[in-house]
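Chemist: Turn this into a model:
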Amino acid sequence: MVNKKALILFSGGLDSTTVLHHAITKGYACIPLTIDYNQRHSYEIESSQKYLKNLKLKGHVFKIDLTQIGGSALTDKDINVPTEMNSGIPVTYVPARNTIFLSIASAYAEKMAIDQIFIGVNQIDYSGYPDCRPDFIDSFKTTINLGTKTGVDGKQLKINTPLINMSKKDIIKYGHDMGIDYSQTVSCYQLDNDGNACGHCDACKLRKEGFLLAGLDDPTVYKN
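Modeler: Okay, the predicted model is just below:
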């Protein structure tokens, strides 16, 4: 079987790593794209590229600076990362992040003649982040195919979201069945310089709960 190509938005986190391996098992030759947006948890860029090197995959890193916009605890150091989970959209939401990321990914895909893009949004994020909802993904697919040469020429770009209806527990169990070593992934919003997780932010809490509900040991290295 000749591998088809797919562009994978890859942060090195739990979800994007699971999506990468999902695409590999589906027979895709994967081109990972990591967005360095000058985020607070910048260690994830280093971690993501190390992971790809171990898989013998060549990663692409695209740099932008969303601190120029700010408005999020991940891009504005004057806003603290919360340690309590509240209802509504959390301050870790980065304005229009997935719109920006998918636009960059679509441009790369169009240039490289790739019609499949994978992103690791899921229903856990949907509860807080508006750009992780199925309606947003469907709307973006329509928009990008109206506004690209690829779409106008009739070869549609497809946005694949294999985890969108899965909980963290389901994602972890699925990844575990594929043999993923989650100790090599990072999720924390305020990692230290050695990649140790805080254990208290939303991302850490969701990750901890996911491993607990999946009945698996959490391999994450925490500061305390």
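
Chemist: make it CA atoms for all contacts and neighbour counts henceforth
Modeler: Will do.

Chemist: buried stuff in stretch 49-65?
Modeler: 49-52, 59, 61 (16 or more other C-alpha atoms under 10 Å).

Chemist: Which two among those residues are spaced furthest apart?
Modeler: 51 and 61 (13.4 Å; C-alpha to C-alpha).

Chemist: Quick check: what element follows the helix or strand of the chain with the lowest mean pLDDT along the chain?
Modeler: Within the chain, no helix or strand scores below helix 123-126, which has a mean of 67 by mean pLDDT, DSSP states H and E. Beyond helix 123-126 in the direction of the C-terminus, DSSP states H and E gives the next helix or strand as helix 134-146.

Chemist: can you map out the helices along the chain?
Modeler: Counting by DSSP state H, the chain has helices at residues 14-25, 43-54, 97-111, 123-126, 134-146, 149-152, 168-177, 202-214.

Chemist: Lowest average pLDDT across those helices?
Modeler: Among these, helix 123-126 carries the lowest mean pLDDT, at a mean of 67.

Chemist: residues contacting the residue nearest to residue 79 when sequence neighbours are not counted?
Modeler: In space, and not counting its chain neighbours, residue 79 is closest to residue 73: 4.8 Å by C-alpha to C-alpha, 6 or more residues apart in numbering. The contact partners of residue 73, by C-alpha atoms under 8 Å, 6 or more residues apart in numbering, come to 40, 79-81, 91-94.

Chemist: From the buried residues of stretch 49-65, pick the one nearest residue 4.
Modeler: residue 59 (17.2 Å).

Chemist: Quick check: chain neighbours aside, which residue is closest to that closest one?
Modeler: residue 32 (5.1 Å).

Chemist: What strands line up against the strand ranked longest in the chain, and which way round?
Modeler: Across the chain, the longest stretch assigned as strand under DSSP state E is strand 28-36. Using DSSP bridges, strand 28-36 pairs in its sheet with strand 4-9 (parallel), strand 60-63 (parallel).

Chemist: any chance of the ones you listed in a markdown table, plus mean pLDDT and distance to residue 44?
Modeler: Converted to a markdown table, the strands paired with strand 28-36 look like this (pLDDT from 0 to 100; distance: least, C-alpha to C-alpha, whole Å):
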| stretch | mean pLDDT | distance to residue 44 |
| --- | --- | --- |
| strand 4-9 | 97 | 13 |
| strand 60-63 | 96 | 12 |
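
Chemist: Thanks a lot, catch you later.
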